[in-house]
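[1] Here is a sequence with its predicted model. Questions after.
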Amino acid sequence: MSKSYNIAVIGGDGTGPEVAAEGKKVLNAAAVKFGFKLNFQDFDFGGERYLRTGEILPESAAEQLKKFDSIFLGAIGHPDVKPGILEKGILLKLRFDLDQYVNLRPIKLYPGVSTPLKDKGPEHIDYVVIRENSGDVYTGLGGIMMKGTPDETAIQNMVYSRMQVERCLRYAFDYTRKRNKKKTLALCGKTNVLTYVFDLWERAFHEVGAEYPDIKREYYHVDATCMWMVKNPEWFDVIVTTNMFGDIITDLGAITQGGMGIAAGGNINPAGVSMFEPIGGSAPKYTGMNVINPLAAIACGGMMLEHLGEDAAAKAIEESIIDVTANKLKDMGAGRMGYSTTEVGDLIAKGV
Ligand code: IPM
Ligand code: MN
């Protein structure tokens, strides 16, 4: 009997449903070719639902989603909803409730895609950022007192437990080993200033790292990491970092690989249900125009299949993306690809 996977789809806001549809198209083509089945079920979580019902996310959302093999997400963010409500109430809530403690973000320049980095090509830009996804300032610990007065004071704490740090590091070492490229894991931190949190990270990094003698360990401060990601991206193999630093450096990484239209990511719970999402936002002004670039969502589909153990299908998707970027698309920007959103999906699906 062929394998079958149940996938929850959250198209979300703006162009999210359009790119998710192209992702599904390519996933279906891969399923047919490689002999497995994908059962998609749509969930209407997002800004429209919130504006209609006043509910950000149903109480039962996480419990429902836990029954699936994976979650495939388009984008969250609506122009009529105050920034922060949907991001915190849907995206971050699901990451936390489903304990997706790793945010996996490959930074890979595909052939034919232009990078703002001078004299760099696909042979230089191919590494992965493992962003810790459960701790740091994202926990929301802190508060504000005497708000609105001249004495008001706000605190937002950078929080990490040894358990959170260690599980992320183990994932990162395992990932670096499995990736089997330079076998180098770089910790990105700020040991010269954040002397408590990065004391914990650095000790754990070397203690856990001792169990992986085949993996070389490096350390970079976060500010220097930004510099080297621009000047010498070829130095990197896998970078592991904290939640906030990871958020920042992966946008920098995304622009070096051609921008938000191409950057894919996965929120991973290695023992639970993971959620794959393009890094780019909902791009509301392009909604319904069939011009948005679906490559990031399509690449997310590939990451999802790899995570589900369908390595050959994942590889076929990546090869088809590479063929399309190298030989067909003009540009990565919305409306500048030379093809519509649906045509790009068709091209990649055909090449799988
Ligand atoms: C990301 C986004 C989110 C984050 C926002 C939308 C909450 O920027 O996935 O990188 O900060 O994690
Ligand atoms: Mn971000």
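    Here it is on my side, so go on. Ligands and ions are numbered 1, 2, ... in the order given.
[2] Do a quick rundown of the helices in this protein.
    Taking DSSP state H as the test, the helices found in the chain are 16-34, 47-53, 61-65, 85-86, 93-97, 162-179, 197-209, 222-231, 243-256, 295-307, 311-327, 341-351.
[3] Output the ones you listed as CSV; include the columns distance to E123, mean neighbour count and mean pLDDT.
    For the C-beta atoms, the positions are set from N, CA and C on the backbone; glycine is no exception. CSV is the format used below for those (distance: least, Cβ to Cβ, whole Å; neighbours: other Cβ atoms under 10 Å; pLDDT from 0 to 100):
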stretch, distance to E123, mean neighbour count, mean pLDDT
helix 16-34, 26, 23, 98
helix 47-53, 41, 16, 96
helix 61-65, 39, 16, 97
helix 85-86, 39, 20, 96
helix 93-97, 33, 18, 97
helix 162-179, 16, 18, 98
helix 197-209, 28, 18, 98
helix 222-231, 16, 16, 98
helix 243-256, 14, 20, 97
helix 295-307, 19, 27, 98
helix 311-327, 13, 19, 97
helix 341-351, 22, 20, 98
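[4] need the contact list for the residue in the stretch 101-250 of the chain that ligand 1 sits nearest to.
    Proximity to ligand 1, evaluated over the stretch 101-250 of the chain using Cβ to the nearest ligand atom, is greatest for D247 at 4.5 Å. Neighbour list for D247: R131 [criterion: Cβ atoms under 8 Å, 6 or more residues apart in numbering].
[5] biggest strand in this protein by residues?
    strand 4-12 (DSSP state E).
[6] So what are the sheet partners of that strand and their directions?
    strand 37-43 (parallel), strand 70-75 (parallel) (DSSP bridges).
[7] quick check: angle from the longest one to helix 295-307?
    Between strand 37-43 and helix 295-307, the angle comes out at 130 degrees (axes from the mean of the first three to the mean of the last three Cα atoms, to 10 degrees).
[8] buried ones in strand 37-43?
    Using 16 or more other Cβ atoms under 10 Å as the test for burial, strand 37-43 gives L38, F43.
[9] That one to helix 16-34, inter-axis angle?
    If you take the same axes, to 10 degrees, strand 37-43 sits at 170 degrees to helix 16-34.
[10] so how far is E166 from the residue of the stretch 101-250 of the chain closest to ligand 1?
    Separation of D247 from E166 (Cβ to Cβ, to the nearest Å): 21 Å.
[11] Would you pull up how far the longest strand of the chain lies from the middle of the chain?
    Taking Cα atoms, centre = their mean, to the nearest Å, one finds strand 4-12 lying 16 Å from the centre of the chain it belongs to.
[12] hmm, back to that, ligand 1 is nearest to which of the strands paired with strand 4-12?
    Of all those, strand 70-75 sits nearest to ligand 1, with 9.4 Å by Cβ to the nearest ligand atom.
[13] Give me the mean pLDDT for that closest one.
    Averaged over strand 70-75, pLDDT sits at 98.
[14] Report whether it contacts ligand 1.
    No: Strand 70-75 is not in contact with ligand 1 by Cβ under 6 Å from any ligand atom; minimum separation 9.4 Å.
[15] send the alpha carbons of that strand over as CSV?
    Presented in CSV, the C-alpha positions along strand 70-75 are these (Å, rounded to 0.1, in the frame of the first residue of the first chain):
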residue,chain,number,x,y,z
SER,A,70,2.4,18.3,8.8
ILE,A,71,1.1,21.9,8.3
PHE,A,72,1.6,23.9,5.2
LEU,A,73,1.1,27.7,5.7
GLY,A,74,0.8,30.5,3.1
ALA,A,75,1.2,33.8,5.0
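[16] Residues in contact with that strand: which ones?
    5, 7-20, 23-24, 27, 40, 65, 91, 94, 98, 273-278, 280-283, 297, 300-301, 304, 307-308.
[17] filter the residues you listed by proximity to ligand 1?
    L91.
[18] what residues are up against whichever residue of the stretch 51-200 of the chain sits closest to ligand 1?
    Using Cβ to the nearest ligand atom, the single residue of the stretch 51-200 of the chain nearest to ligand 1 is E87, 3.8 Å away. By Cβ under 8 Å, 6+ apart, the residues touching E87 are I76, G77.
[19] In the sheet, which residues pair with the spatially most central residue of the chain? Tell me.
    By Cα atoms, centre = their mean, the chain has its centre lying nearest to G265, at 1.9 Å. Note on G265: beta-bridge partners by DSSP bridges are E277.
[20] For I249, which residues are in contact?
    The neighbourhood of I249, defined by Cβ under 8 Å, 6+ apart, consists of V129, C188, V222, T225, C226, M229, I239, T241.
[21] residues touching the residue nearest to Y127 when sequence neighbours are not counted, list them.
    Computed as Cβ to Cβ, 6 or more residues apart in numbering, the closest residue to Y127 that is not its neighbour in sequence is F236, at 3.8 Å. Taking Cβ under 8 Å, 6+ apart, we find F236 in contact with I107, Y127, T184, A186, W228, M229.
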